[in-house]
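Peer 1: have a look at this fold, sequence not included:
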């Protein structure tokens, strides 16, 4: 998972992110290492690329890009230009290195930014925007969605996933174990749709992707068994994600919205 509200212990995590041990861990956890550490995998991204309607002339904004794994994956598949925003300088340097290794460094630009603050771009700067499993760590999602609408050109699309949609009963103990990565905000069904609409974005598709969170959390937990040096705290976290997903108490949803002009 990425955080958009503070770097904290993520800086330590990112320093080891591209080590041989962590690359092996991602292969074991996800089946295909694309430099991710959220609930997304390569198959999901391949299915989402057409939703964004990207071409070589497009510019894509990734909000909370982390080490740019998904962003560089999309750039490699489409030839579009990509701009990544993230609070961790270490993560962004990993992203630059990944882009260079893939031969797409000329297509990627990144900068440090806080998603709770106004985004530093002119209106109509982007053809599409992406935010993968980040919005639950944003304190001001209403403001973020408004900024996305401001930055998209008419017809531009915004695809986001939120792994914090409450769809059942969750205890205070569940909340505590599920919130180890800093500020975390869970929302009721319909909240994201309402806030996207209020920002001037038309929701054109939603999809329950809890199965992907369950699958990838299970993969990460299994991979941890082979790496006992990793913290037991991560095991508790992943076991909680799995338990909440299995009983449909906390769900992951994809939302696709379009800006159709003022």
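Peer 2: Sure, I can see it. Please read these numbers as outputs of a predicted model, since none were measured by experiment.
Peer 1: the most centrally placed residue in the chain bridge partners, please.
Peer 2: Centroid-nearest residue in the chain, with Cα atoms, centre = their mean: residue 132, separated by 2.0 Å. Counting by DSSP bridges, residue 132 is bridged to residue 161.
Peer 1: got a list of what it touches?
Peer 2: By Cβ atoms under 8 Å, 6 or more residues apart in numbering, residue 132 lies in contact with 2, 38, 40, 62, 64, 70, 160, 161. For every residue, glycine as well, the C-beta is placed using N, CA and C.
Peer 1: just give me the neighbour total for the fifth one.
Peer 2: Other residues near residue 64 come to 28 when the count uses other Cβ atoms under 10 Å.
Peer 1: confidence score at it?
Peer 2: Among the per-residue scores, residue 64 holds a pLDDT of 96.
Peer 1: tell me the pLDDT at residue 171?
Peer 2: 95.
Peer 1: what about it, neighbour count?
Peer 2: 10.
Peer 1: can you pull the contacts of it?
Peer 2: Contacts of residue 171 by Cβ under 8 Å, 6+ apart: none found.
Peer 1: sorry, back to before: tell me the least confident of the contacts of residue 132?
Peer 2: Among the contacts of residue 132, residue 2 has the weakest pLDDT, 42.
Peer 1: for the nearest residue to residue 27 once chain neighbours are set aside, phi and psi?
Peer 2: Spatial nearest neighbour of residue 27, excluding adjacent residues (Cβ to Cβ, 6 or more residues apart in numbering): residue 33 at 4.9 Å. Dihedral pair for residue 33: phi -90, psi 110, per degrees, to the nearest 10.
Peer 1: hang on, the earlier thing: which of the contacts of residue 132 fall in helices?
Peer 2: Among these, the ones falling in helices (DSSP state H) are residue 70.
Peer 1: Throw the contacts of residue 132 into CSV and include distance to residue 238, thanks.
Peer 2: Putting these into CSV (distance: Cβ to Cβ, whole Å) gives the following:
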residue, distance to residue 238
2, 16
38, 13
40, 16
62, 25
64, 20
70, 20
160, 22
161, 18
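Peer 1: for the contacts of residue 132, which ChimeraX command selects only the ones that are buried?
Peer 2: Buried residues within these, by 16 or more other Cβ atoms under 10 Å, are selected in ChimeraX with:
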select :2,38,40,62,64,70,160,161
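Peer 1: residue 234: which of the contacts of residue 132 is nearest?
Peer 2: residue 38 (14.2 Å; Cβ to Cβ).
Peer 1: from residue 82, how far off is the closest one?
Peer 2: According to Cβ to Cβ, to the nearest Å, residue 38 and residue 82 sit 17 Å apart.
Peer 1: cool, and residue 189?
Peer 2: The gap separating residue 189 from residue 82 is 31 Å, by Cβ to Cβ.
Peer 1: and if you look at residue 165?
Peer 2: Per Cβ to Cβ, residue 165 is found 27 Å from residue 82.
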